[in-house]
Every structure is written in C-alpha cells, then in structure tokens.
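*Asks:* 3D, please:
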Amino acid sequence: MKNQNWLPQFTNEIITNARARSNGLLDSYLIALEGWRRGLTLTWYSEKVKNNSVHAPGRLFTLSSSYKTHEFYKTTGDKVSKESLKLTGNKDLAKELFSKHGVPVPAGKRFKKDIQNEEIIFYANKLGFPLVLKPTNGYQGKGVIANIRDINHLRDSLIHVREVLNYPDVLIEQYIPGEEYRVFVVEDNVVAAINRIPANIVGDGVNTVKELIKIKNKERKKNPRLYSCLINIDYEVKSFVERSGLTFEDVPEEGERIFLRQNSNISTGGDSVDVLEELSDDIKQIAINSLKAMPELPHGGVDIIVNTNKNLKYTAYVLEINAIPQIGSLVFPMVGHARNVPAAIIDYYFPETKNNKNYNPKIYFDFKSILEPLRSKEVQEVVVTPAPLQPTFAIKYTIEGKVQDVGYRRWIRKIALESDLYGFAKNLSDGNVDVVVAGEKETVEGFKQICLEGSKNSKVTNVTGVIWNKPIKVGFEIKANQKRKSKKKTNVNEKVTRIGKMKMLIRRILKRNDFKFK
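*Replies:* Numbering: from 1, shown residues only. Coordinates of the predicted model:
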C-alpha cells in the first residue's frame, strides 16, 4: 500500500523503527524528526520523569532552540492548555461547550455508570432511531457502535460496551448519515483533511469474506500508520456482517464492496483518503470554530460528518475533537497527497526555523537505539546527536581484499567519527566490505584514500565508490554480517542421489514400524 504521493523525507526506511506498533510512537517521531532536522536540540524522556508513569518512553520529548524550549507529548505541545485536554477527553463536556459557541453537534445525552440499560433504552426511543452509542471517555473508536436501528440491537450493544468492554459511562446520540472527515487545524488554518471510510473489503469472485480480510490486512501492514490498525473480527464486525446477510465463508462477486463496520475510525480498520483540496471552506470554518470554542487549543484534530439527510438542521456536525490526534493517516494516506502536518506544528512552535526546512531530508536518527535505555530505565533522558544543518554528500565505498575478521570495520568507524563523518560499515557475503560515509564533500571524497590504507591486519587490493542517495543515520554503525556464500558447489545429480537414498532409508524405517509410505 505504497502511495506515490507520500513525502520523500519520511520513507519506510527512515520511520521503520517508529511504525505504529505502539500507540503514539510514529506521531511523536515524525514531529521530533522535523524539529531535529531544523537544528533544534531534541531530548527524549523516560516514564520516570513524570509521576504515576503517565508518559511512556518515545512519547514525551522536548525541542529547544538557543533561547526557548517546548515540551511535547505525542502530537500535543505545551501551548495546549490542561483544561482543553480535559474537555476533549470527555465527549459530553465537549459537546456542551460546542453548543454554547454555536458549533453544530448531534443531539444526545450522557448516561453515567449507575444508570440502568432500560432507562437508556427509554431515552433512545424518545430520541428516535437510528442512533450511535459511544463511551464517554473512549478513544480511537473503541466501543463506538453506529447506525443502531432498533431496540434489540441497542440492548445487545449496551451489554457489549458497558459490560464486555467495561465502558459503563456512555453517550447516546442521533445517527447522522454522511461522509466522515478528520480535519487537522493549526490556529486559523486547516493543514490536512482525510475522508475516513469504514473498514471494508472488495470482492474478487474467488476469496471468501474471511480471506479478503486477511488480504486487506496484509496490504495495510505496508502502510506505516496502518501497520497495527488491522481489521479485527470482533463483536461489531461479526454483527455487521450478519446483519448484511452474509457469512465469513461467502464469496463476494468481483468488484463488490462489503463494509464491515459503521464506525470509520482508522484504528479499527478504516481507510484514509486525502481530501484537503476538495473540502469546502464552510466545512473548514466549522473545524476552525470548534478549536476556538476550547480554552487555549491552538491545534488539534476535528472529526466532522457532512450530513446527507436533508431533514436535519445543519449541513455538517462535529462529532468530537481530539487534542492529541494521531497524524499518521494525514502523512501516510492510502489515497491522495500526503500533508506535512509535522512541519505545520514545528512552524507554529518555532516559526524562526521555517527557513531551515529540509537541509538534509534523508538524514535521520535511530529511534530504536534511543528507546532501549529509556525503556530499561537505565537513564531518564537521552539527548540526540545534533543533525548536520549544511547539505551533505555521501559515497558508498566497496573495499576488496583481506578486510573481514581483521578489525577493519571497527578501525574505519573510529576514523570516520574522528573526521566528523557518519554512516555505516557492513561485511558482504563475497568477503568484501561496504562503507558508506556522509559529510562535507571534500572529506567524503578524500576518505577513499583512508579506505585504501586499511587497518593494521588488513590487506586492501581495491576500492570503488558510487554516490549514495539513500537515507542515512547520524552516528556510525557497524551492521550485522551478511551470510557468507558457500564456495562448495553441489552437483545436481549428487543432490538427487542423496534425496533418493534418504527416501529409501525412510521407507525401511516406516516398514519396520508398519507404516505406509506414499
């Protein structure tokens, strides 16, 4: 699921250690990397820094210039007020505030944990079906069940959300039919927007529903944001497929789209389609107004549904607002153009760095190595090696001769670091060594002579070099050895003979044990 319109400074190689295996790592890495590349000092913190282990490693960091520092947690910075964080974390309180400021929201009511299901059902009948049930303090679409059309479906949903998922405090809202959007706002500007399409599969006339889900999940794993946002066959998917008159063993016709959820959240299997240029100014203004309704919320994600029911009062409704939104789907949409949300956030906090963008868009730091000491609690903070701000030049040198198992890579690493170069050295399967070095052009080109000289116990016979245009990490890494190729060639006839003898031996063993060999 590689989108050709993704941003070139965020390649798979660069963000592989921050893929969405764990909530928030990808988002924080994208923002931190953008600031670091602009010359800001980047420091990561462990969970020891905050009480009660609120902040896990890889999510809490600071960026500093020569005269100011800003703290970030995932995608939110310290200019977002604590009051807004509290309000956006409670859907009921947020709806009340939106209503006071004229922001359109669906009609509905909150029911606390001590309210019985029958009382909720009584209210639902008065409000009118179809309805949406959602946890008051839920996140990432968990526990949200949309388009509930009758009492039986509502009763089953209440049991599942309140008892099975353990979200006893819930909201009942009117269901608004239409297209759902995630809109990212920074102050008075909409910088990104995607259409979120509920989890779905498309028939090929061959595979079953269950098999098509596996195929779709395999594709989703190729997207850095969707890597862990797979379509799970849970209560909602099972009930949705059942209500659609299908089973998981049915084979949909070629081209037939089967929806698996009503909820369009990306985390539960939804698709992401970039629509920034297609979104109307009216819809964008609703998103901006929703942030302005909050106390000190300069940036955030707004979920809006554009109404297709002409009988309802408003063209669009705000479903919720997120002060710590995930931005991966905006940077890595399945369809359409990627939007540089990390740059917009850094522009807001450090406007003086706008001219420092992308001196070295292929330079990155090893996130995995940084996380290890933080996770093990060996340290409380890690300051990342500064990024080179001047454009750099890189060459891959291939060194031939006696250069393996003689300390050549360790020696070359020492010289490279002393020369203010960064890159890596790697043993090749043919006995040669690859050395990639990056830095000032003159120094990099002169490094060929150093490669030729070699370490004390090495014997270099030849060095060739080619320009290196791929991403490269700061520091200097000694990479794991490639598996050496065996010089002994196996004759095909000898291989067949050995297999034949093995089969004969197996037959004898099986015969002695009264087994049949086919």
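
*Asks:* grab the nearest non-local neighbour of Phe184.
*Replies:* Leaving aside its sequence neighbours, Phe184 sits nearest to Ala192 (CB to CB, 6 or more residues apart in numbering; 4.3 Å). From N, CA and C alone the C-beta is placed, and that goes for glycine too.

*Asks:* which residues does that neighbour contact?
*Replies:* Val183, Phe184, Asp274, Leu276, Ile327, Leu330, Arg339, Val341, Ala344 (CB atoms under 8 Å, 6 or more residues apart in numbering).

*Asks:* and what of Leu421?
*Replies:* Val437, Ala438, Gly439, Thr443, Val444, Phe447, Phe476.

*Asks:* these two touch, right, the last one and Ala416?
*Replies:* Yes. In this structure Phe476 lies within contact range of Ala416 using CB atoms under 8 Å: 5.0 Å.

*Asks:* just the strands in the stretch 351-500 of the chain please.
*Replies:* Ranges of strands in the stretch 351-500 of the chain, per DSSP state E, counting those that start in this stretch, are 363-364, 381-383, 393-402, 422-427, 433-439, 459-467, 472-473, 476-478.

*Asks:* figure out which of those strands is closest to Asn117.
*Replies:* strand 381-383 (48.3 Å; CB to CB).

*Asks:* just to revisit the earlier point, which of Phe476 and Ala416 has more neighbours?
*Replies:* Ala416 (25 against 21; other CB atoms under 10 Å).

*Asks:* so that one sits against Arg409, correct?
*Replies:* No. Counting by CB under 8 Å, Arg409 is not a contact partner of Ala416; they are 10.3 Å apart.

*Asks:* joint contacts of the two?
*Replies:* Val435.

*Asks:* still on that earlier bit, select, out of the strands of the stretch 351-500 of the chain, the one closest to Phe248.
*Replies:* Of all those, it is strand 363-364 that lies closest to Phe248, at 41.5 Å by CB to CB.

*Asks:* what helices or strands is that closest one leaning on?
*Replies:* Contacts defined by 3 or more CB pairs under 8 Å, 6 or more residues apart in numbering; DSSP states H and E place strand 363-364 against strand 472-473.

*Asks:* who does the strand it packs on pair up with?
*Replies:* Strand 472-473 sits in its sheet next to strand 363-364 (parallel), going by DSSP bridges.

*Asks:* now do the partner strand: distance to the chain's middle.
*Replies:* Relative to the centre of its chain, strand 363-364 is centred 18 Å away, using CA atoms, centre = their mean, to the nearest Å.

*Asks:* just the ones of the contacts of Ala192 in helices?
*Replies:* Mapping those onto helices (DSSP state H) picks out Leu330, Val341, Ala344.

*Asks:* ok, the last one - contacts?
*Replies:* Residues in contact with Ala344, defined by CB under 8 Å, 6+ apart, are Phe184, Val186, Asn189, Val191, Ala192, His299.

*Asks:* what bits of this structure have low per-residue confidence?
*Replies:* Under the criterion pLDDT under 70, the flagged ranges of the chain are 1-4, 20-24, 47-55, 138-141, 482-518.

*Asks:* point to the residue nearest the middle of it.
*Replies:* Nearest to the mean C-alpha position of the chain, counting by CA atoms, centre = their mean, stands Arg225 at 2.8 Å.

*Asks:* check contacts around the closest residue to Val186 other than its chain neighbours.
*Replies:* Excluding the flanking residues, the one nearest Val186 by CB to CB, 6+ apart is His299, at 4.4 Å. With contact set as CB under 8 Å, 6+ apart, His299 has these partners: Thr76, Gly77, Val80, Phe184, Val185, Val186, Glu187, Leu291, Ala344, Ile345, Tyr348.

*Asks:* among these, name the ones in strands.
*Replies:* Within the contacts of His299, residues falling in strands by DSSP state E are Thr76, Gly77, Phe184, Val185, Val186.

*Asks:* name the nearest residue to the first one, sequence neighbours excluded.
*Replies:* When you say that, I think you mean Thr76. In space, Thr76 is closest to Ile324, 4.6 Å off (CB to CB, 6+ apart).

*Asks:* wait, a helix at that neighbour?
*Replies:* No. Under DSSP: H, G, I helix; E, B strand; the rest coil, Ile324 falls outside any helix and is assigned coil.

*Asks:* that one: neighbour count?
*Replies:* Around Ile324 there are 18 residues (other CB under 10 Å).

*Asks:* thought it was touching Leu85?
*Replies:* Yes. When contacts are counted by CB under 8 Å, Ile324 is listed as touching Leu85 (7.5 Å).

*Asks:* any common contacting residues for the two?
*Replies:* Thr76.

*Asks:* all helices of the stretch 251-400 of the chain, in order?
*Replies:* Taking DSSP state H, counting those that start in this stretch to define them, one finds helices in the stretch 251-400 of the chain at 281-292, 328-331, 341-349, 367-375.

*Asks:* wait, what's in contact with the residue nearest to the centre of the chain?
*Replies:* By CB under 8 Å, 6+ apart, Arg225 lies in contact with Ala20, Leu26, Ile266, Ser272, Gln326, Gly328, Ser329, Val331, Phe332.

*Asks:* can you report how many residues lie near the second one?
*Replies:* The one in question is Leu26. Residues near Leu26, counting by other CB under 10 Å, number 27.

*Asks:* which helix or strand contains it?
*Replies:* Assigned by DSSP states H and E, Leu26 belongs to helix 25-37.

*Asks:* run the chain-centre distance for that helix.
*Replies:* 12 Å.

*Asks:* elements contacting that helix?
*Replies:* helix 12-15, strand 41-45, strand 60-64, strand 69-73, helix 328-331, helix 341-349.

*Asks:* in JSON lines, list those along with distance to Ile304.
*Replies:* Output for the helices and strands packed on helix 25-37, formatted as JSON lines (distance: least, CB to CB, whole Å):
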{"stretch": "helix 12-15", "distance to Ile304": "28"}
{"stretch": "strand 41-45", "distance to Ile304": "33"}
{"stretch": "strand 60-64", "distance to Ile304": "30"}
{"stretch": "strand 69-73", "distance to Ile304": "25"}
{"stretch": "helix 328-331", "distance to Ile304": "14"}
{"stretch": "helix 341-349", "distance to Ile304": "17"}
